[in-house]
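Novice: Quick one, what's the 3D model for this:
(4 chains)
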Number of protein chains: 2
Amino acid sequence: MISERQAKEREFRKEQILEGALIVFKSQGLERTTMDEIARESDFGKATLYYYFSSKEEIFIELLDRGWKMIWESIEPIIHGKDQPKDTFINSLIIIGGLVTENQVLFEFLFTAPQTMPITLLESKPTWKNYQNKMYGVFQGLLEEGISKGEFPQMRSDLMMRAIGGLFHGLFFLGHGKKPVSADTMEDFISDFIGKTLK
Amino acid sequence: MISERQAKEREFRKEQILEGALIVFKSQGLERTTMDEIARESDFGKATLYYYFSSKEEIFIELLDRGWKMIWESIEPIIHGKDQPKDTFINSLIIIGGLVTENQVLFEFLFTAPQTMPITLLESKPTWKNYQNKMYGVFQGLLEEGISKGEFPQMRSDLMMRAIGGLFHGLFFLGHGKKPVSADTMEDFISDFIGKTLK
DNA sequence: TTATGTTTCGAATTTATGTTCGAAATTTAA
DNA sequence: TTAAATTTCGAACATAAATTCGAAACATAA
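Specialist: Residues are numbered from 1 along each chain as shown, chains lettered A, B, ... in the order given. You can find the predicted model right below:
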């Protein structure tokens, strides 16, 4: 039988492991990350990792699930608010921008990990993918609504969605050199680019 | 001693191997690609691959080198032409767009591979990276020149470069689902987006 | 034809690393 | 205090896949 406190400690240790794993995954990617490195980084024995997680993939997936859940939950209230599409859209982007600057390492991982992931991990219909789909769906819906109401200029919303996906990606990488963006640049970027393009 | 014809045949076989490797790398990434698969795809024995290349990484690098060389050489004449910055800029993008639609598989690889690549492969200052840097440098230079001449609206050229990097990336992926873009979409995209934003 | 150079590849070798095992350490609760 | 439950982890195991080996096939040129 596990007490409340024990459960909390167990959860805390999971988080410690996830934190260490994030650092390694972010710099090495799924394949090149070894359980030895995660163990070293999180300061547990390698076998202990298997006490908390059943495999390396599970750790990876859990990072994505928790991260995307956080994103979704942070924009949900705004989405369900009563603002006009354009305001909802821009406010959501600003919220996400804020999260990103708070949490560079995590977000760089969230936005880039899916591209380096084996297809098998997508076929299991993971939780994080649902949140991601919901989010993209909402954004595209807002764009379309905004266009039909004349709040946005006439444009192909699917193309614009591609651009936005690319833009968020571009926040982290210039060209393909690995040079993370600063908080200021991020602010500038949103107000400058989104502002000019959509207003 | 190797005759001219032998050299050509050898080069041809290298190309066969690279062609097979591209298919596998593109769908599996560097890590999950096995020499067995490259051998099967290119229809050589596994050991034969080592006769032509010294390692799996070398094959990967050679694909990047040849690809980026091709991009650079295709825009170089335009860059050295006498057009105004804005025209040079847009024409270069159009050229690249053309190459991309001709060569989807290769370009998807060229634009996405660097993100999945171990840092060690970047530390060796590879040839392809030089071409890439030259290209980005030229683009940023054109932007700055165009801004100062009033051909482009006032903007922060470094931010716009980030956007452009992201846009090219976004051509291939919507969100993070692996759904390559069609040739038409690509056309639309360039004329629609670049047109609206820069003109 | 034959000797020399070139190319091919199946099988063996090596290495890296994900996962499991089993015993020890620690914590909990009576 | 002590026994049961929980947590920890070093060492062993298993496997996949990169690379090498060595011999055979093939081509070339005298």
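
Novice: Please identify the helix or strand for A:Ile96.
Specialist: Secondary structure from DSSP states H and E places A:Ile96 in helix A:85-102.

Novice: for that helix, packing partners?
Specialist: Applying 3 or more CB pairs under 8 Å, 6 or more residues apart in numbering or on different chains; DSSP states H and E, one finds that helix A:85-102 contacts helix A:56-79, helix A:127-148, helix A:183-189, helix A:195-198. Quick note: C-beta positions are derived from backbone N, CA and C, even for glycine.

Novice: Can you name every helix or strand that the helix or strand following it contacts?
Specialist: Remark: after helix A:85-102, the chain's next helix or strand is helix A:104-112, criterion DSSP H and E. On a contact count with 3+ CB pairs under 8 Å, 6+ apart, helix A:104-112 meets helix A:4-32, helix A:56-79, helix A:157-170.

Novice: what angle separates helix A:104-112 from helix A:85-102?
Specialist: Orientation check (axes from the mean of the first three to the mean of the last three CA atoms, to 10 degrees): helix A:104-112 against helix A:85-102 gives 120 degrees.

Novice: Any idea which of the helices and strands packed on helix A:85-102 gets closest to DNA strand C?
Specialist: helix A:56-79 (4.0 Å; CB to the nearest atom of the strand).

Novice: tell me, what residue is most central in chain A?
Specialist: A:Leu110 (3.7 Å; CA atoms, centre = their mean).

Novice: now for the helices and strands packed on helix A:85-102, which one comes closest to DNA strand D?
Specialist: So among the helices and strands packed on helix A:85-102, helix A:56-79 is nearest, using CB to the nearest atom of the strand, at 13.6 Å.

Novice: Pull up the residues of chain A that are close to DNA strand D.
Specialist: Proximity of chain A to DNA strand D (CB under 7 Å from any atom of the strand) is limited to residues A:1-2, A:6, A:9-10, A:13, A:44-48, A:51-52.

Novice: thinking again about what came up before, what residues sit buried inside the helix holding A:Ile96?
Specialist: For helix A:85-102, burial by neighbour count (16 or more other CB atoms under 10 Å in any protein chain shown) applies to A:85-86, A:88-90, A:92-94, A:96-97, A:99-101.

Novice: Quick one: the helices and strands packed on helix A:85-102 as CSV, columns for distance to B:Leu63 and mean pLDDT too.
Specialist: Below are these laid out as CSV (distance: least, CB to CB, whole Å; pLDDT from 0 to 100):
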stretch, distance to B:Leu63, mean pLDDT
helix A:56-79, 27, 96
helix A:127-148, 30, 91
helix A:183-189, 32, 52
helix A:195-198, 35, 49
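
Novice: Now mean neighbour count too, for those, in a markdown table please.
Specialist: Listed next are the helices and strands packed on helix A:85-102 as a markdown table, based on neighbours: other CB atoms under 10 Å in any protein chain shown:
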| stretch | mean neighbour count |
| --- | --- |
| helix A:56-79 | 18 |
| helix A:127-148 | 18 |
| helix A:183-189 | 16 |
| helix A:195-198 | 14 |
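
Novice: Tabulate those helices (TSV), appending distance to chain B.
Specialist: Listed next are the helices and strands packed on helix A:85-102 as TSV, based on distance: least, CB to the nearest CB, whole Å:
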stretch	distance to chain B
helix A:56-79	10
helix A:127-148	5
helix A:183-189	5
helix A:195-198	6
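
Novice: The ones you listed into CSV, with extra columns for distance to A:Leu106?
Specialist: Below are the helices and strands packed on helix A:85-102 laid out as CSV (distance: least, CB to CB, whole Å):
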stretch, distance to A:Leu106
helix A:56-79, 6
helix A:127-148, 12
helix A:183-189, 14
helix A:195-198, 26
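
Novice: Can you add distance to DNA strand C and give these back as a markdown table?
Specialist: A markdown table is the format used below for these (distance: least, CB to the nearest atom of the strand, whole Å):
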| stretch | distance to DNA strand C |
| --- | --- |
| helix A:56-79 | 4 |
| helix A:127-148 | 19 |
| helix A:183-189 | 33 |
| helix A:195-198 | 42 |
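
Novice: so which of those helices gets nearest A:Thr34?
Specialist: helix A:56-79 (8.4 Å; CB to CB).

Novice: which of the residues of chain A next to DNA strand D come close to DNA strand C?
Specialist: Within these, those near DNA strand C by CB under 7 Å from any atom of the strand are A:Met1, A:Gln6, A:Lys46, A:Ala47.

Novice: Now the buried members of those.
Specialist: For those, buried by 16+ other CB under 10 Å: none.

Novice: Helices - which of those land there?
Specialist: Counting by DSSP state H, these place A:Gln6, A:Lys46, A:Ala47 in helices.

Novice: Against chain B, which of the residues you listed make the cut? List them.
Specialist: Here nothing survives when these are matched to chain B using CB under 8 Å from any CB of the partner chain.

Novice: Take these and write them to JSON lines, including pLDDT.
Specialist: Converted to JSON lines, these look like this (pLDDT from 0 to 100):
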{"residue": "A:Gln6", "pLDDT": "85"}
{"residue": "A:Lys46", "pLDDT": "97"}
{"residue": "A:Ala47", "pLDDT": "97"}
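
Novice: mind giving me the domain split of chain A?
Specialist: Domain segmentation of chain A under automatic domain parsing yields A:1-53, A:63-198.

Novice: Quick one: the ones you listed as JSON lines, columns for distance to B:Pro118 too.
Specialist: Shown next, in JSON lines, are those (distance: least, CB to CB, whole Å):
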{"stretch": "domain A:1-53", "distance to B:Pro118": "6"}
{"stretch": "domain A:63-198", "distance to B:Pro118": "11"}
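
Novice: Now the phi/psi pair for A:Ser54, please.
Specialist: phi -90, psi -10 (degrees, to the nearest 10).

Novice: Could you measure from it over to DNA strand C?
Specialist: 7 Å (CB to the nearest atom of the strand, to the nearest Å).

Novice: go on, A:Leu30?
Specialist: Applying CB to the nearest atom of the strand to A:Leu30 and DNA strand C gives a distance of 9 Å.

Novice: which one is that residue nearest to, not counting chain neighbours?
Specialist: A:Phe60 (5.6 Å; CB to CB, 6 or more residues apart in numbering or on different chains).

Novice: re the thing from before, of all the helices and strands packed on helix A:85-102, which lies closest to A:Ser27?
Specialist: Per CB to CB, nearest to A:Ser27 of the helices and strands packed on helix A:85-102: helix A:56-79, 13.7 Å.
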